[in-house]
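Q: Quick one, structure for this:
(2 chains)
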Protein chains: 2
Amino acid sequence: MSSNALFADLYEFTMLRAYFELGMSEQATFSLFVRNFPARRNFLIACGLADLLDEIERFRFEAEQIDYLASLQIFPRPFLDWLEGFRFSGDIYAMREGEPFFPNEPIIEVVAPLGEAQLLETLIINQIGLQTTLASKAARVVVAARGALVSDFGARRAQGLDAATKGARAFFIAGVASTSNMAAGFAYGLPVAGTMAHSFVEASLSEMEAFRSFASVFPETILLVDTYDTIEGVKKVVALAKERGRDFKVRAIRLDSGDLDSLSRQARKVLDEAGLSDVRIVASGGLEETKIDDLTSRGAPIDMFGVGTEMAASSDAPVLDIAYKLTEYAGVGRMKLSTGKKSLPGRKQVFREFQDGVAMRDVIARHGENLPGVALLRPVMLSGRRVASETFELSQICAYAAQALATLPAELRRLEGCQAHLEVAISPELADYERETRERLIESSTARA
Amino acid sequence: MSSNALFADLYEFTMLRAYFELGMSEQATFSLFVRNFPARRNFLIACGLADLLDEIERFRFEAEQIDYLASLQIFPRPFLDWLEGFRFSGDIYAMREGEPFFPNEPIIEVVAPLGEAQLLETLIINQIGLQTTLASKAARVVVAARGALVSDFGARRAQGLDAATKGARAFFIAGVASTSNMAAGFAYGLPVAGTMAHSFVEASLSEMEAFRSFASVFPETILLVDTYDTIEGVKKVVALAKERGRDFKVRAIRLDSGDLDSLSRQARKVLDEAGLSDVRIVASGGLEETKIDDLTSRGAPIDMFGVGTEMAASSDAPVLDIAYKLTEYAGVGRMKLSTGKKSLPGRKQVFREFQDGVAMRDVIARHGENLPGVALLRPVMLSGRRVASETFELSQICAYAAQALATLPAELRRLEGCQAHLEVAISPELADYERETRERLIESSTARA
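A: So this is what the prediction gives:
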């Protein structure tokens, strides 16, 4: 796989050249965090770290990428020569994938020579933002399903190939059972699932013939029954069961349109009366967490939800207010004072306090403080190399996510609560440091040289 | 670049195996169209075709992809052997990139053996949906800017790498002047633009020192003035101009926070009074079309808008109700009858009627009809090979898009009009064909075999 070393904004490169020529190569810390949460997110789930670390490990400039930079005529040869040997040599501290987090908490800290940490900015925000956005959406869908399975049908409606494939991974971490996306199955070993499309029914001589022939090729398939008339379609599945007798092994039917509550009940009745109570019901078509919650709360007999469009782009909250900010350089705390965009200076740690297994409060502290609770930022890359003990199988990440979500107070895991977050406190030491840094900056910024 | 042949849903492959084994290999037509438009889109802009055709030209299964399919144990060897030789051999008809279009109009038609056309479904919807979504959003931003330049700053907030890079291309086609995304500059030769980040200012000894050193490396740069106090920052740019005298070549300042209307006026005044009327003003920070429209309608002296998050994911309308439907197989029209999801059967053409250079009406007709107006669907791939005369340079696509947008009635190009679409008529011949097809299907679907 080729390197995404050019996946950066032009200003990362111009600043890098300036740092290079001005000799600004001391150690810096950048923090990745989400400032304001979307309206319908009580928590977000940190996700995307493993893919990001893969990218950073293979981060290097290929000859044609250097040629491209040279063609812009703003980067002199010594700088380009230096870029050719560029490798990330720094340290990265991060929350585990699957960790729920809250506003302003650092979820990743990069500690590296200034230019190295700076050059990764766009890649880190983009990649962690993507999977975090999508995992956080999927967690809501899984809650709404109340134990029914959820399958990702969203590849076609995701914003591009990268989003579709990494999204399937993020959904799986958040509790989605399978994906229809074969590229994601291939890339991550995710369970793949699928049924049939209307086109198969339409291309066949008749709906009955379509069911008959598809079940002959795939006996344990799921038949799509709503191409023409849903309940008529279900009756044809019953007819097929009679035809095939003991060879009938169809696992489920799929409803993709209409009033899913009413149709699922009618379909269940028709199937049960024909002795087909083992045939499950899959529902799809414009579903998201509020529609699913409505169906499950009313007891619609649906065994699996296929969820596409709305989950694929997290369409109610497609972007995060996620930022990657310099917080320390050459051992000195740094921050902006810009209106409404403050950040906390210095290296940090986040401690989560529990009581009887329930998360009670987070405390953002200075790095090096030792406070009660579990320290959530862990070293995952040191001197540019992955920490082996922090490299997890996907199954381990899923298990961790499920366990971590279960520790959240119940009101945060409900769909309706609008931004009920966990309390996030600032440690007294960090608060002091923030004040000192601010005062120092105000003083020096009003001075004119 | 490797093939995205696995970028498909599992059901494409199961249907493909069924078609293969059942001998269903006659010619099919699939139509790509958008059913219902998002609330704030009077028109959409067709985009993404060139990248899609690139994907289709290199579409083939690599050995490890075949191995993956084999590992699922649902695809027998003869089918996998056939997949190894799979190439797209069909025809594709499409609207030009940059063409504005309206609900239910086919923007792409694929005419190919059933399995070939089916297998491309997920890739086509995803790739055309992505660039069409993003170009359509950007067109609104460009309108709002009222002639000021727009630069894409969105790479970090786009949903993944593919969305960020192809998005930059889509924005450019819709009239955006440049991108900060170097990967997009590299991939498409787009003009790249950039300034500096707050981190550069914060890492320097002082804001003044940051400006001094950055301008020494990049004399014609854009200086970011809002790290600590915006107007104090502008005064430092003035001080730098005095220091450097004739060597002062800074092109612009950038405001990234606060009340951009008020700050841009104050900054303009400070600059003008210092004789720096050539220094331009760039604004950024959470901008989208309504905020930009507000600023430009009030006459804020802003020369360029850097637009990130909201445009990058088209966050007010991140997904389209876009579908790819079988409309004909073996010479017979096909359609669904599912509730609320009807499609028009058969191969089609779209004619756009003009009066005095203004688009008046579109007519969706059957393929082969010859109606007044311009036929919008053109052959772009025949027998699996690109039509050379339909392969355009990016500059040609941009020019076409600008010209095509200019033909739309003025009320469609305003931001506020909620879904004022062009009239889209159905030709009498197509209406007859739709009715006949429907009646035939109702008849046969109620028959039981």
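Q: Show me the shaky parts of the stretch 251-400 of chain A.
A: For the stretch 251-400 of chain A, applying pLDDT under 70 flags the ranges A:339-342.
Q: Spell out which parts of it neighbour chain B.
A: Residues of the stretch 251-400 of chain A lying close to chain B (C-beta under 8 Å from any C-beta of the partner chain) are A:256-258, A:309-310, A:312-315, A:318-322, A:324-326, A:329-330, A:334-341. For every residue, glycine as well, the C-beta is placed using N, CA and C.
Q: Recalculate using a threshold of 6 Å.
A: A:257-258, A:309, A:313, A:315, A:318-319, A:326, A:329, A:334, A:336-339, A:341 (C-beta under 6 Å from any C-beta of the partner chain).
Q: Of those residues - the most surrounded one?
A: residue A:313 (33 neighbours; other C-beta atoms under 10 Å in any protein chain shown).
Q: where exactly do the helices run in the stretch 101-250 of chain A?
A: A:114-119, A:121-144, A:161-173, A:182-188, A:198-203, A:207-217, A:230-244 (DSSP state H, counting those that start in this stretch).
Q: Make CSV from those helices and add mean neighbour count to it.
A: Converted to CSV, the helices of the stretch 101-250 of chain A look like this (neighbours: other C-beta atoms under 10 Å in any protein chain shown):
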stretch, mean neighbour count
helix A:114-119, 24
helix A:121-144, 27
helix A:161-173, 28
helix A:182-188, 22
helix A:198-203, 25
helix A:207-217, 21
helix A:230-244, 19
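Q: can you pull the buried residues of the helix or strand containing residue A:434?
A: Here residue A:434 is covered by helix A:428-446, with elements defined by DSSP states H and E. Under the neighbour-count criterion of 16 or more other C-beta atoms under 10 Å in any protein chain shown, helix A:428-446 has A:430, A:433, A:434, A:437, A:441, A:445 buried.
Q: can you check stretch A:18-35 too?
A: Neighbour counts over stretch A:18-35 (16+ other C-beta under 10 Å) mark A:18-20, A:22, A:24, A:27-34 as buried.
Q: Show residues contacting it.
A: Contact with stretch A:18-35 is made by A:79, A:104-111, A:113-115, A:117, A:320-322, A:324-330, A:347, B:213-214, B:217, as judged by C-beta atoms under 6 Å, 6 or more residues apart in numbering or on different chains.
Q: In ChimeraX, how would I select just the buried ones from those residues?
A: To isolate the buried ones among these in ChimeraX, judged by 16+ other C-beta under 10 Å, type:
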select /A:79,104,105,106,107,108,109,110,111,113,114,115,117,320,321,322,324,325,326,327,328,329,347 /B:213,214,217
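Q: Show me the strands in the stretch 201-350 of chain A, by range?
A: Along the stretch 201-350 of chain A, the segments classed as strands by DSSP state E, counting those that start in this stretch run A:222-224, A:252-255, A:280-283, A:304-307, A:322-329, A:332-333, A:348-355.
Q: Select from the buried residues of stretch A:18-35 every entry located in strands.
A: By the criterion of DSSP state E, membership of the buried residues of stretch A:18-35 in strands covers A:27, A:28, A:29, A:30, A:31, A:32, A:33, A:34.
Q: So in terms of bridging, what pairs with the second one?
A: So that's residue A:28. Under DSSP bridges, the beta-bridge partners of residue A:28 are residue A:112, residue A:329.
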